[in-house]
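1. Here you go, sequence then predicted model.
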Amino acid sequence: MQAPDGMSMVGSVIGVTVLVAWRIRESRSTVSIKNIIMPPLGMATGFSMFLLPSFRISWTFAVAAFVIGGGILAYPMMSTSRLVKVGKEIKIKRSNYFIFMMIILVIIRIITRHYFITILSPEQTIALFFTLAFGMILRWRVHMFLEYRAITTKISVLNADS
């Protein structure tokens, strides 16, 4: 059963509110390799939805969604957050544009969802957007991991020179 458009909009607004609150809270805590790697690993379990035939999408749609997520939509996430060394800790620093960027991504999601729901079933639409989100999160977290390694390697080299 498909949710009415009003409910979908409410769900999107609640989702982005929770995500922004989580990201703000996340910026107050120390970043570790575990914090970086766990979200995409946990999200990867969602691929089990493809075991059910109703969630299966064509390879073309799957690859396109993954590439658009990782190639285009990951960029705003990567450009509005960076890792910084604060004392002995590494923390994530958000740009002032972070919340604006999240709102723009939600608007893009709502607009594209209205299109895809006309050509795909609700389950396939979910699968398509999941694949897109996974591509986005994976690329952002790989970028963050490489940034983390660069900072920790630089710290290790500096400590060895002392």
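-> Yes, it's here.
2. Kindly provide the distance from the spatially most central residue of the chain to residue 100.
-> For the chain, residue 137 is the residue whose C-alpha lies nearest the centre (CA atoms, centre = their mean; 3.3 Å). Distance from residue 137 to residue 100, counting by CB to CB, to the nearest Å: 19 Å. (Each C-beta comes from the backbone N, C-alpha and C, glycine too.)
3. which SSE is residue 82 in?
-> Assigned by DSSP states H and E, residue 82 belongs to strand 81-86.
4. Outside of that strand itself, list whatever touches it.
-> Contact with strand 81-86 is made by 31, 90-95, 98, 144, 147-148, 151, 155, as judged by CB atoms under 8 Å, 6 or more residues apart in numbering.
5. And the strands in this structure?
-> For the chain, the strands defined by DSSP state E occupy 81-86, 89-94.
6. can I get these in JSON lines with mean pLDDT and distance to residue 69?
-> Formatted as JSON lines, the strands of the chain follow (pLDDT from 0 to 100; distance: least, CB to CB, whole Å):
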{"stretch": "strand 81-86", "mean pLDDT": "88", "distance to residue 69": "17"}
{"stretch": "strand 89-94", "mean pLDDT": "87", "distance to residue 69": "20"}
